[in-house]
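Participant: for reference, the sequence and a predicted model appear below.
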Amino acid sequence: MPLLPANTAYTMHPAAAAREVAGEIFVVTDDRGLHRLEVPTAVAIFRSLMAGPARRDTLIAQLVEDFEVEWEQAASDLDRFVNELVERRIAVECEPIAAVPLSSSAKPTTLASTPPQVSLGATARGAPMGPAGEANTATRHKN
């Protein structure tokens, strides 16, 4: 697999929901799949994706610093892992972004702290409504 451009960016899939519990991350995808991330490197990468778009080179630098691996190995492993996340509809590639250093104090987004961003025109008939008339997308399922 060829290496991707450094400014390639990824973020959590907009139709997925994630929660971190006891150092593990559980992700539910729109195809009703439940995924568990428990390996420390996978958890670290996905925490960054939960916080918002993250550049490939920034994620690699994080792996090199936190897990003491060589850049080439981190790049190869990251590309393989992120491709798997994209295939499983857990993450998506997004527009390239400017380099921004990751902060270890950044608070990841969770279901409890961030309401879904859904327009009223996108709600399904009969979908439960949350605060301010927003659809509760976590309870809707494809049939």
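Facilitator: Everything's here; your move.

Participant: quick one, helices of the protein?
Facilitator: For the chain, applying DSSP state H gives helices covering 40-51, 56-67, 71-87.

Participant: in the second one, what's buried?
Facilitator: With burial defined by 16 or more other CB atoms under 10 Å, the residues of helix 56-67 counted as buried are 56-64. Where C-beta positions appear, they are placed from N, C-alpha and C, glycine not excepted.

Participant: cool, and the longest one?
Facilitator: Burial within helix 71-87, assessed by neighbour count using 16+ other CB under 10 Å, is assigned to 74-75, 77-79, 81-82, 85.

Participant: coming back round to it: is it possible to get TSV of the helices of the chain that adds distance to H13 and mean pLDDT?
Facilitator: Below are those laid out as TSV (distance: least, CB to CB, whole Å; pLDDT from 0 to 100):
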stretch	distance to H13	mean pLDDT
helix 40-51	9	94
helix 56-67	16	94
helix 71-87	8	94
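
Participant: same list (these) but as TSV, adding distance to E95.
Facilitator: Formatted as TSV, the helices of the chain follow (distance: least, CB to CB, whole Å):
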stretch	distance to E95
helix 40-51	15
helix 56-67	13
helix 71-87	15
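
Participant: distance-wise, check the residue nearest to A44 when sequence neighbours are not counted relative to C94.
Facilitator: Nearest-residue entry for A44: D66, 6.2 Å, with adjacent residues in sequence omitted and distances by CB to CB, 6 or more residues apart in numbering. When distance is defined by CB to CB, to the nearest Å, D66 is 23 Å away from C94.

Participant: understood, closing this out.
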